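>>> with the input below, show me the fold.
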Amino acid sequence: MSDLDKLIEDTLREADGGRPGAGAEPGYFKQAIALFTGRMAWVHWLIMIAQALFFIGGAWCAVNFFNAQNALDAMRWGLPATVLLIYSAIFKSTLGPQMETNRLLMEIKRLELRLVQAEARRNETS
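Numbering: from 1, shown residues only. Now for the predicted structure:
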């Protein structure tokens, strides 16, 4: 077994924690929280902070929109409210593909581990 194979095996063992059902896919919230760790965590934190600011600004504009007394004031508050709330939804939705990518990478690592283990067993028997 090469050093790379040993590293993959050790990494997967740490990630799985050696517990029963370790090969099972982690739940949604565990995957979402995992986005905020690792080398790309700062980008995800930045996205979430911007999303929160857009949402708060959109909600504030929406409240002023509903409290407007005439049509011109309603337009002045309604358009920014709509834009900010749409931006908020777009920013939030950018994290979904990254979760899918992380799932795919973990499955590839598990496949690599299985191949390494199968090769090791084959070498032991020959």
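
>>> could you point out the longest helix in this protein?
If you go by DSSP state H, the chain has its longest helix at helix 95-125.

>>> from Gly38, how far off is the residue of the chain most remote from its centre?
The C-alpha centroid of the chain is most remote from Ser126, which lies 43.8 Å away (C-alpha atoms, centre = their mean). Ser126 sits at a distance of 39 Å from Gly38 (criterion: C-beta to C-beta, to the nearest Å). Where you see a C-beta, it was placed from the backbone N, CA and C, and this is true even at glycine.

>>> one more: Phe91?
19 Å.

>>> which one's more surrounded, these two?
Each of Phe91 and Gly38 has its neighbours counted (other C-beta atoms under 10 Å); Phe91 has more, 19 against 10.

>>> would you confirm that the more buried one contacts Leu53?
No: Phe91 is not in contact with Leu53 according to C-beta atoms under 8 Å; the separation is 9.5 Å.

>>> quick one: secondary structure of Ala68?
coil (DSSP: H, G, I helix; E, B strand; the rest coil).

>>> tell me the contacts of it?
Residues in contact with Ala68 (C-beta atoms under 8 Å, 6 or more residues apart in numbering) are 74, 76-78.

>>> quick check: buried residues in stretch 51-67?
51, 54-55, 57-58, 61-62, 64-65 (16 or more other C-beta atoms under 10 Å).
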